[in-house]
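J.: take a look and give me a structure for this.
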Amino acid sequence: MSEPQCYYNETIAFFYNRSGKYLATEWNTVSKLVMGLGITVCIFIMLANLLVMVAIYVNRRFHFPIYYLMANLAAADFFAGLAYFYLMFNTGPNTRRLTVSTWLLRQGLIDTSLTASVANLLAIAIERHITVFRMQLHTRMSNRRVVVVIVVIWTMAIVMGAIPSVGWNCICDITHCSNMAPLYSDSYLVFWAIFNLVTFVVMVVLYAHIFGYVRQRTMRMSRHSSGPRRNRDTMMSLLKTVVIVLGKCLPCPPCSPCSVSCQVISVMHGQLLGVSRIWKTLEEVQTIRTPRVH
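T.: All right, here's what the predicted structure looks like:
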């Protein structure tokens, strides 16, 4: 049985041609506008999330576990801004100049930042669930445990982002390269999308449980008080918060149901080559919403 042939010394154009994905040869007006807009958005993302981290650090009222997790969420999205900033200078015709290693680095940075963001949202959902059901304003989680949670989040994110670089790719299995990411294995993209989808579903269940619990208690209290309007305002405020938090994750391609569908269809039919650009735009937009969540 012969050993599989690997293509580490091939150009990026080789993989793109194999997958049928378009690879630009020169800059046009639209590409330049997209790059300029992308760089502007990346800078805004980094500045906005940096302000959130600074505000939490300097304000002692925010020195509680939930705010540390929010600061970590801002850090994840700040890192996402850096990853996309790097992407902007290594996309379009510049993609041709990348080696296999630098292409995997480019994608790995994005995967790491988005996985950290989604995992952090799950940690916040768990913390809020525990706090609400224990009738506490802030969780009693110690600072040491918060640090452990943050370390686990980033360790998992780094591992998820590094997996393709250390072997789970199609460089030695060229027939199973993805049409959306030509050096990624179809199986890895489906795994990554489903992993994040499961995370999102868990968040939905947790917040739905919180909302149902608060709604039930509010209705029970309204029977013994004369403030139905205040109770209704409380419910609407909670609902808006849940929608904003889940809305941050919903457009994010790794955890959206649409992403899983796209990955599966891509594997089965080899289509949706132009859809990946739309998903990358949505990935970038969702990081802008972190300051709103805070």
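
J.: contacts only, for M53.
T.: M53 is in contact with A71, A74, A75, F78, counting by CB atoms under 8 Å, 6 or more residues apart in numbering. The C-beta positions use only the backbone N, C-alpha and C, and glycine is treated the same way.

J.: quickly find the element holding the nearest residue to M160 once chain neighbours are set aside.
T.: If the residues on either side of it in the chain are set aside, M160 comes closest to T115, at 4.5 Å by CB to CB, 6 or more residues apart in numbering. Take DSSP states H and E as the rule and T115 turns out to sit in helix 100-133.

J.: give me the helices and strands touching that helix, please.
T.: With contacts defined as 3 or more CB pairs under 8 Å, 6 or more residues apart in numbering; DSSP states H and E, the secondary structure elements packing on helix 100-133 are helix 65-88, helix 143-166, helix 186-222, helix 228-249, helix 275-288.

J.: recalculate using a threshold of 6 Å.
T.: helix 65-88, helix 143-166, helix 186-222 (3 or more CB pairs under 6 Å, 6 or more residues apart in numbering; DSSP states H and E).

J.: of all these, which one comes closest to Y57?
T.: Closest of the helices and strands packed on helix 100-133 to Y57 is helix 65-88, at 7.2 Å (criterion: CB to CB).

J.: any idea how far the helix holding T115 is from the chain center?
T.: Its chain's C-alpha centre and that of helix 100-133 lie 6 Å apart, by CA atoms, centre = their mean, to the nearest Å.

J.: with stretch 186-196 instead?
T.: 13 Å.

J.: kindly report the same for stretch 59-70.
T.: With CA atoms, centre = their mean as the basis, stretch 59-70 stands 22 Å off its chain's centre.

J.: that stretch spans what distance, first to last residue?
T.: The first and last residues of stretch 59-70 sit 14 Å apart, counting by CA to CA, to the nearest Å.

J.: for stretch 56-76, same thing?
T.: By CA to CA, the extent of stretch 56-76 from end to end equals 15 Å.

J.: how about that stretch, which residues are buried there?
T.: Within stretch 56-76, the residues that qualify as buried are 56, 62, 64-76, counting by 16 or more other CB atoms under 10 Å.

J.: over to stretch 81-96?
T.: Taking 16+ other CB under 10 Å as the neighbour-count basis, stretch 81-96 is seen to contain the buried residues G81, A83, Y84, F85, Y86, L87, M88, T91, G92, T95.

J.: one more: stretch 98-108?
T.: For stretch 98-108, the buried set under the neighbour-count rule, 16+ other CB under 10 Å, comprises L98, V100, W103, L104, L105, R106, Q107, G108.

J.: just give me the closest of those residues to A48.
T.: Of all these, the one sitting nearest A48 is R106; the distance, using CB to CB, is 23.1 Å.

J.: where's the residue nearest the centre of the chain relative to V190, distance?
T.: The centre of the chain sits closest to L114, judged by CA atoms, centre = their mean, with a distance of 2.9 Å. Separation of L114 from V190 (CB to CB, to the nearest Å) stands at 16 Å.

J.: ok, now T102?
T.: From T102 across to V190, the span is 25 Å (CB to CB).

J.: now swap in Q5 and tell me
T.: When Q5 is compared with V190 (using CB to CB), they lie 24 Å apart.

J.: which of those two has more residues huddled nearby?
T.: Between Q5 and V190, V190 has the larger neighbour count (other CB atoms under 10 Å), namely 17 against 9.

J.: where does this structure have low pLDDT?
T.: Within the chain, the ranges that satisfy pLDDT under 70 run 1-3, 135-140, 221-294.

J.: burial check on I158, number of neighbours?
T.: A count of nearby residues for I158, using other CB under 10 Å, gives 15.

J.: ok, now which ones touch it?
T.: With contacts defined as CB atoms under 6 Å, 6 or more residues apart in numbering, the neighbours of I158 are T112.

J.: for N49, see how far away the spatially closest residue to S113 that is not a sequence neighbour is.
T.: Across the structure, with CB to CB, 6+ apart as the measure, the residue nearest S113 apart from its sequence neighbours is A80 (3.7 Å). Using CB to CB, one obtains 9 Å as the distance from A80 to N49.

J.: in terms of neighbours, single out the busier of the two.
T.: Applying other CB under 10 Å to A80 and N49 shows that A80 carries more neighbours, namely 28 against 25.

J.: tell me if I'm right that that one and D111 touch.
T.: No - between A80 and D111 no contact is recorded; they are 10.3 Å apart, counting by CB atoms under 6 Å.

J.: what about E10, distance to L183?
T.: For E10 relative to L183 (CB to CB), the value is 10 Å.
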